[in-house]
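Chemist: I would like to see how this sequence folds:
(2 chains)
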Amino acid sequence: MEVSFKETELCLGLPGGGGGGGSPLVVEPEIAPKATGKRGFVDLELNLQSEDCSGLTDLNETVKKSNNSASSTKDKSVVSSAAAVKDPAKPPAKAQVVGWPPVRSYRKNMMAPQKAAADEETEKKGSGTFSAAFVKVSMDGAPYLRKVDLKTYGSYKELSDALGKMFSSFTMGNYGAQGMIDFMNESKLMDLLNSSDYVPTYEDKDGDWMLVGDVPWEMFVESCKRLRIMKGSEAIGLAPRAMEKCKSRT
Amino acid sequence: MASPLSFPEEVLEHIFSYLTLPSDLNSASLVCKSWYSADRYSRRKAFIGNCYSLSPQGLVSRFPNLRSVEIKGKPHFADFNLVPEGWGGYFFPWVRTMSVAYPWLEEIRLKRMVVSDEALELIGRSFPNFRVLVLAFCDGFSTDGLAAIAANCRHLRELDLRESEVEDSSGHWISRFPDSFTSLVSLNISCIASEVNFPALERLVSRCPNLRSLHLNRAVPIEHLPNLLRRAPQLVDFGTGTCSSEVHPDIYSNLVRAFAGCRGLRNLCGFWDVIPAYLPAVYSVCFGLTTLNLSYSTIPSPDLANLINQCPNLQRLWVLDYIEDSGLEAVASTCKDLQELRVFPSAPFIPEANVQLTEQGLVHVSLGCKKLQSVLYFCRQFSNAALVTIAQNRPNLTRFRLCIIEPHTPDYLTREPLDMGFGAIVQHCRDLRRLSLSGLLTDRVFEYIGTYAKKLEMLSVAFAGHTDAGLHHILSGCDRLRKLEIRDSPFGDRALLTNAAKLETMRSLWMSSCSVSFGACKLLSRMMPRLNVEVIDENDDPCSRPDNCMVEKLYIYRSLAGPRFDMPGFVWTVNEENSTMRSSSALPS
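Modeler: Presented below is the predicted three-dimensional model:
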């Protein structure tokens, strides 16, 4: 974002004539900040005893010197979700920032997709449904649970990346082009389970524990109630059931 | 021999019982030793804003005779998933200590704490006079714990689970209230997802003549409402269940009659999935309504406006942005007593607006509702001009939270930052206690805040500012600041360290995705031994990285209890020996 650093220079006056494109609606505010006699930031002297001087310099430096930090807006909290654009006519889903806008998850979960007249337009747009899908995630051996909102991810790959960050010893195996497990191919499935230390499983609407990746992503989001990352060797026990269920669906 | 000016302790205690504000009692306790002692033994209520600021043992030794305790746990940003699960805020250590020290405890109010079933069972067993349990935004318990409360708390008056997360094992917990139990005054179970045993609920309502407040959960269908309301015409505060079934003429007319019978109704909420055709059923009570919470209802604007036009005495209104600017114009002309307005977003994650709600709606309300004090407003565009107008119209604002949904959004008319607009807010609204910022903001806005917002107690900052000057303005200028929470803003070491002493005058400081280095945390901790400097890092031990690495999340709070020991693996307390401490992985219950 382009910022004129002149604007960040401390002074008690108002910003000079605004950027272009203003409408005649600009109202002159009544702010007339007076010189309060208070020492401005630039006068401050830091008098600390510190052996750890690496980050500390005399605060008499002017603001201009901190140009470096000015544009270091952290990107760490952005959950990148360059979601696959299925319908080219729809605008691509934006990267969703964790916890923004600040809507309580209780509220998000309570607002199920509703067919209210006012919302029909939104429903058609698809990616904007309000509801969230918070599910608990546990990993065998980890002492604490996490929670994720499945709706912030667009694919199994994104979910896998996020889980990998949360539980650092976990990575999802090779799930093929679609990101789904090929349940029809038993040997491939067994390979996958044998080669992974940990495998993600989920409890679906029926209360069954299934292997993650057995259904298309959207269906998974709708039916997943809870996630559990378990040892591959344990998950093998699930595989036959998962394959049965998968076969009975097709 | 006692001086003529000294009273027996019992007299002092009696006098102190007339002082209700904790600040007054605190002042009294500082006068002399006998007043300190009198206050100590006569104090009946305690409010603990941060559960880690002192230990349970510390509380019971300071005030041995409490009857009412209110405790808050997790930081506010936990509401938005910025605090990982398992962070802390456990209630059990408190109830374990209090169960021994306060046999006469009557009231427990908790916010953002982790409450286990075991803790609830302990409440049921330990406090024979227990009357009030409020669990706001809590989690960690199930309906089994509620069953224990219902079965054992013979004199329970209030059970309020507002927006807590409850694991549903069974809807039968409500039948555990004995048939002899008749003392209920307030019941809020709106957060319970599954069906509650409805006949048992009906019987409970019938036998509690003092029931004034009842919030049902979504699972209660609208057909059940008329019978329920007929059994409790004395209700003052009512939350419906779901209202989504097709409008049946019989049900509708039953509903109309039932509501008409509730002459004393002042607060209405719920209305989940409500079909607009049902709304006229409540028209008979609208005139008396002072609070209306429609924030879970996707009612379109014209129907909303019709409803609101029936409510001239509203003081508090919570709605979704379906109300649109036109609906807010109706509010501005009808609700002349409005004090609090909250407008929530219906579709916060889509890029473009789905409703016609802009800054104009709030401008109208600010003009028409002269008693407006408290605002929470989500929208997609704003302008400095609108903020200035609002500030000039409503200098009596005490809480102003504006959330422009897209970060870094400038004034949509001039493309400038919104510094000037928020500056006007703090300059005109001299009693402002709470402020949340959004939109494109430079360090300038913080200069205004530090200069003018002298009564500000809580400030929330996101995606704002350029340099440490911003944070420095806040910390050096806002004399009454108690809680500061900042995310995704480039504030770092210098401002924090320069204002280290300020942090001990505040309850807490949260900074996430900012530019604070681990080295600065260590230094701060050494400078300020009575602060707990906690680093939350889900990737790594911060010790394993160089000191100039940024910390992910930082939570700093003053504490009499020293570092805590119930932290999960991803939280480190930076202590004075420049090393970090973390707890063992044992989880408290």
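
Chemist: in chain A, which segments are predicted with low confidence?
Modeler: Counting by pLDDT under 70, chain A has low-confidence residues at A:1-96, A:112-132, A:143-144, A:168-189, A:192-196, A:239-243, A:245-247, A:249-250.

Chemist: just the strands in the stretch 351-500 of chain B please.
Modeler: Ranges of strands in the stretch 351-500 of chain B, per DSSP state E, counting those that start in this stretch, are B:374-379, B:399-404, B:434-436, B:458-462, B:483-487.

Chemist: same question, the stretch 151-300 of chain B
Modeler: With DSSP E, counting those that start in this stretch, the ranges of strands along the stretch 151-300 of chain B come out as B:158-160, B:166-167, B:186-188, B:213-215, B:237-239, B:267-269, B:291-293.

Chemist: who touches B:Trp94 in this structure?
Modeler: B:Trp94 makes contacts with B:Cys51, B:Pro56, B:Leu59, B:Val69, B:Ile71, as judged by Cβ atoms under 8 Å, 6 or more residues apart in numbering or on different chains. (Each C-beta comes from the backbone N, C-alpha and C, glycine too.)

Chemist: Surely the fourth one and B:Arg109 touch.
Modeler: Just to be clear, that refers to B:Val69. Yes: B:Val69 is within contact range of B:Arg109, at 7.3 Å (criterion: Cβ atoms under 8 Å).

Chemist: roughly how far apart are B:Leu307 and B:Ser346?
Modeler: Using Cβ to Cβ, to the nearest Å, B:Leu307 is found at 17 Å from B:Ser346.

Chemist: brain fart, B:Gly88
Modeler: Using Cβ to Cβ, one obtains 33 Å as the distance from B:Gly88 to B:Ser346.

Chemist: If you count surrounding residues, which of the two has more?
Modeler: Neighbour comparison, B:Gly88 and B:Ser346: the larger count goes to B:Ser346, with 25 against 20 (by other Cβ atoms under 10 Å in any protein chain shown).

Chemist: Just give the nearest non-adjacent residue to the more buried one, would you?
Modeler: By the measure of Cβ to Cβ, 6 or more residues apart in numbering or on different chains, the closest residue to B:Ser346 outside its immediate chain neighbours is B:Leu320, 4.7 Å from it.

Chemist: who does that neighbour bridge with?
Modeler: Per DSSP bridges, residues listed as beta-bridge partners of B:Leu320: B:Phe344.

Chemist: Got the confidence number for it?
Modeler: The confidence metric pLDDT takes the value 95 at B:Leu320.

Chemist: hang on, isn't it packed against B:Ser297?
Modeler: Yes: with contacts defined as Cβ under 8 Å, B:Leu320 counts as touching B:Ser297 at a distance of 6.9 Å.

Chemist: ok so, going back, compare B:Val69 and B:Arg109 (neighbour count), which wins?
Modeler: Comparing B:Val69 with B:Arg109 by other Cβ under 10 Å, the one with more neighbours is B:Val69, at 23 against 18.

Chemist: Please settle this for me: is the more buried one part of a strand?
Modeler: Yes: according to DSSP: H, G, I helix; E, B strand; the rest coil, the state of B:Val69 is that of a strand.

Chemist: tally of neighbours for residue 236?
Modeler: No chain was given, so I picked chain A. Residues contacting A:Ile236 under the criterion other Cβ under 10 Å number 16.

Chemist: Switch to chain B, please.
Modeler: Here the count is done by other Cβ under 10 Å, and B:Val236 has 17 residues near it.

Chemist: For residue 155, grab the count of nearby residues.
Modeler: No chain in the question, so chain A it is. For A:Ser155, the number of neighbouring residues by other Cβ under 10 Å comes to 17.

Chemist: if you could check chain B rather than the one you did, that'd help
Modeler: B:His155 has 12 neighbouring residues, counting by other Cβ under 10 Å.

Chemist: a markdown table for the strands of the stretch 151-300 of chain B, including distance to chain A, mean pLDDT and mean neighbour count?
Modeler: Shown next, in a markdown table, are these (distance: least, Cβ to the nearest Cβ, whole Å; pLDDT from 0 to 100; neighbours: other Cβ atoms under 10 Å in any protein chain shown):
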| stretch | distance to chain A | mean pLDDT | mean neighbour count |
| --- | --- | --- | --- |
| strand B:158-160 | 15 | 98 | 19 |
| strand B:166-167 | 10 | 90 | 19 |
| strand B:186-188 | 13 | 98 | 23 |
| strand B:213-215 | 13 | 98 | 22 |
| strand B:237-239 | 12 | 97 | 22 |
| strand B:267-269 | 12 | 97 | 21 |
| strand B:291-293 | 12 | 97 | 19 |
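
Chemist: from what I can see B:Ala353 touches B:Arg380, true?
Modeler: Yes: under the contact definition of Cβ under 8 Å, B:Ala353 touches B:Arg380, with a separation of 4.9 Å.

Chemist: Give me the more crowded residue out of the two.
Modeler: Between B:Ala353 and B:Arg380, counting by other Cβ under 10 Å, B:Arg380 is the more crowded of the two (21 against 15).

Chemist: can you tell me which residues contact the more buried one?
Modeler: B:Arg380 touches B:Glu352, B:Ala353, B:Leu357, B:Thr358, B:Ile404, B:Ile405, B:Glu406, B:Thr409, counting by Cβ under 8 Å, 6+ apart.

Chemist: let's see it at 6 Å
Modeler: Residues touching B:Arg380, when contacts are defined by Cβ atoms under 6 Å, 6 or more residues apart in numbering or on different chains, comprise B:Ala353, B:Ile405.

Chemist: I'd like the distance between B:Arg564 and chain A.
Modeler: In this structure, B:Arg564 lies at 15 Å from chain A, with Cβ to the nearest Cβ, to the nearest Å as the measure.

Chemist: For stretch B:411-425, list every residue counted as buried.
Modeler: Going by neighbour count (16 or more other Cβ atoms under 10 Å in any protein chain shown), the buried part of stretch B:411-425 is B:411-414, B:416-425.

Chemist: Ends of that stretch, what's the gap?
Modeler: Using Cα to Cα, to the nearest Å, the end-to-end distance of stretch B:411-425 comes out at 15 Å.

Chemist: List the buried residues in stretch B:535-552.
Modeler: Within stretch B:535-552, the residues that qualify as buried by neighbour count (16+ other Cβ under 10 Å) are B:Val535, B:Ile536, B:Asp537, B:Glu538, B:Pro542, B:Cys543, B:Asp547, B:Met550, B:Val551, B:Glu552.

Chemist: okay, those residues in JSON lines with pLDDT and secondary structure next?
Modeler: Formatted as JSON lines, the entries for these read as follows, by pLDDT from 0 to 100; DSSP: H, G, I helix; E, B strand; the rest coil:
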{"residue": "B:Val535", "pLDDT": "93", "secondary structure": "strand"}
{"residue": "B:Ile536", "pLDDT": "91", "secondary structure": "strand"}
{"residue": "B:Asp537", "pLDDT": "85", "secondary structure": "coil"}
{"residue": "B:Glu538", "pLDDT": "77", "secondary structure": "coil"}
{"residue": "B:Pro542", "pLDDT": "76", "secondary structure": "helix"}
{"residue": "B:Cys543", "pLDDT": "77", "secondary structure": "helix"}
{"residue": "B:Asp547", "pLDDT": "87", "secondary structure": "coil"}
{"residue": "B:Met550", "pLDDT": "92", "secondary structure": "strand"}
{"residue": "B:Val551", "pLDDT": "92", "secondary structure": "coil"}
{"residue": "B:Glu552", "pLDDT": "91", "secondary structure": "coil"}
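
Chemist: Those: which two are farthest apart?
Modeler: B:Glu538 and B:Asp547 (19.6 Å; Cβ to Cβ).

Chemist: who does the strand or helix carrying B:Leu341 touch, helix- and strand-wise?
Modeler: If you go by DSSP states H and E, B:Leu341 is part of strand B:340-344. Here strand B:340-344 is seen to pack against strand B:316-320, strand B:374-379 when contacts are counted using 3 or more Cβ pairs under 6 Å, 6 or more residues apart in numbering or on different chains; DSSP states H and E.
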